[in-house]
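Engineer: generate a structure from the sequence data that follows.
(one chain, ligands or ions: 1)
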Amino acid sequence: MNLLDGKHVSAKIRENIKQESATFLASTGRRPHLVAILVGNDGASETYVASKMRNCELVGFESTNIHYDVDISEEALLAKIDELNADPTVDGLIVQLPLPKHINPERVTEAIDHRKDVDGFHPVNLGRMQRNLPCFIPATPYGIMLMLEYYGIDTAGMHAVVVGRSNIVGSPMSILLARNSNPGNCTVTLTHSRTKDIENEVRRADIVVAAIGKKHFITADMVKDGAIVIDVGINREVSDETKSGYRLYGDVDFEQVAPKASWITPVPGGVGLMTIVGLLKNTLEAAKHSIYK
Ligand SMILES: Nc1nc(=O)c2c([nH]1)NC[C@@H]1CN(c3ccc(C(=O)N[C@@H](CCC(=O)O)C(=O)O)cc3)C=[N+]21
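Structural biologist: Predicted coordinates:
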């Protein structure tokens, strides 16, 4: 078993981003700038946004966190997005999900200027990704592809099984793995809650991407010998044994599965850290206008 070490890879890639960020500052007199909007008081969301801001600092980006009460109206949120779209000092703009029930996430996603959509959730970016055109790729799938690339894993011809069809992970992941690029060129099966026999589908996988949101859903008996296992799960449980007061569990039973896998990501220390690197890379591209002139 080899570890796909998110801690190591994210630190390495952050070094490159930091250098490019310094070059950007030297030539333009300003820093790449990410704005993150957070609505409400979800503990996990607050942790992620804080981590994104801290990572911006690490690579020399400017970052702004706008925090609204849970009862902000959709209209007021959309008005703020319009204002930030028009603000030339803002390069990247994200609205942390999930949003409260009275706000339509689809409307919010489409309101963000696709040239600042560093989450890669806007339909323009999604469509361009599907066509293999320059675009912002959603941060988690992007981070996973960067990790495979870093370790020089050639996925061409592999059978990939993605578990979960979310807009932010499973669905874009299936597109990226099937694309004619490297990593990519996989034969992809996208499984979900209505799949007849998920266990059996996963058993056929050369590469498994688990993005279901259920602790230890993927067990050893479901994994083929030598498979590559990517765990996107971040299931939080209260624990009095840790400083933070909670413990994270993946969608994969790491202890059981690791001995069978050729490569595997740990949780924490895997995909989550790469997600942030994906976001930083997109923000740098947005600042440099290297995707949209
Ligand atoms: N608009 C939007 N964009 C997102 O990118 C987005 C989102 N909404 N909503 C929620 C998910 C989740 N997400 C994570 C980011 C970092 C870690 C991360 O850093 N994880 C660390 C540990 C984190 C901890 O200890 O809590 C690790 O896995 O080692 C995890 C998950 C971004 N998301």
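
Engineer: what's the domain layout of the chain?
Structural biologist: As recorded under automatic domain parsing, the domains making up the chain are 28-114, 139-273.

Engineer: make CSV out of these and add mean pLDDT, mean neighbour count and distance to the ligand.
Structural biologist: C-beta here means a position set from N, CA and C on the backbone, and glycine is covered the same way. Listed next are the domains of the chain as CSV, based on pLDDT from 0 to 100; neighbours: other CB atoms under 10 Å; distance: least, CB to the nearest ligand atom, whole Å:
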stretch, mean pLDDT, mean neighbour count, distance to the ligand
domain 28-114, 97, 17, 4
domain 139-273, 97, 19, 2
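
Engineer: want to throw these into TSV with distance to residue 290?
Structural biologist: What follows is the domains of the chain, written out as TSV (distance: least, CB to CB, whole Å):
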stretch	distance to residue 290
domain 28-114	11
domain 139-273	15
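
Engineer: and of those, who's closest to residue 6?
Structural biologist: Closest to residue 6 of these, according to CB to CB: domain 139-273, at 4.0 Å.

Engineer: gap between the two ends of that closest one?
Structural biologist: When the termini of domain 139-273 are compared using CA to CA, to the nearest Å, they are 10 Å apart.

Engineer: ok, so what distance separates the closest residue to residue 254 other than its chain neighbours from residue 54?
Structural biologist: Of all residues not flanking residue 254 in the chain, residue 266 sits nearest, at 6.2 Å (CB to CB, 6 or more residues apart in numbering). Distance, residue 266 to residue 54, by CB to CB, to the nearest Å: 21 Å.

Engineer: what does residue 5 give?
Structural biologist: Residue 5 is 20 Å from residue 54, where distance means CB to CB.

Engineer: show me the contacts for residue 139.
Structural biologist: 118-120, 275-276, 278-279, 282 (CB atoms under 8 Å, 6 or more residues apart in numbering).

Engineer: recalculate using a threshold of 6 Å.
Structural biologist: 275, 278-279 (CB atoms under 6 Å, 6 or more residues apart in numbering).

Engineer: and of the domains of the chain, who's closest to residue 288?
Structural biologist: domain 28-114 (8.0 Å).

Engineer: quote the end-to-end distance of the closest one.
Structural biologist: First-to-last distance for domain 28-114 - CA to CA - comes to 23 Å.

Engineer: same question, stretch 153-161
Structural biologist: Taking CA to CA, the first and last residues of stretch 153-161 lie 16 Å apart.

Engineer: what's that stretch in contact with?
Structural biologist: Counting by CB under 6 Å, 6+ apart, residues outside stretch 153-161 touching it are 177, 183, 185-189, 201-202, 205-208.

Engineer: now swap in stretch 285-293 and tell me
Structural biologist: 32, 91-92, 115-116, 118, 134.

Engineer: list the buried ones in that stretch?
Structural biologist: Residues of stretch 285-293 classed as buried by neighbour count (16 or more other CB atoms under 10 Å): 285-287, 291-292.

Engineer: residue 97 should be in a helix, yeah?
Structural biologist: No: read with DSSP: H, G, I helix; E, B strand; the rest coil, residue 97 is coil and lies in no helix.

Engineer: now residue 111. Nearest residue, chain neighbours left out?
Structural biologist: residue 81 (4.6 Å).

Engineer: the one you found touches residue 110, doesn't it?
Structural biologist: No: assessed by CB atoms under 6 Å, residue 81 is found out of contact with residue 110, at 9.9 Å.

Engineer: residue ranges of the helices in the stretch 101-250 of the chain, please?
Structural biologist: Along the stretch 101-250 of the chain, the segments classed as helices by DSSP state H, counting those that start in this stretch run 105-111, 123-130, 139-150, 170-178, 198-203.

Engineer: quick one: average confidence on the second one?
Structural biologist: In this case it means helix 123-130. Averaging pLDDT along helix 123-130 gives 97.

Engineer: name the SS class of residue 63, please.
Structural biologist: Once three-state DSSP is applied, residue 63 turns out strand.

Engineer: now do the one 4 residues further on
Structural biologist: For residue 67, the secondary structure call by three-state DSSP comes out as strand.
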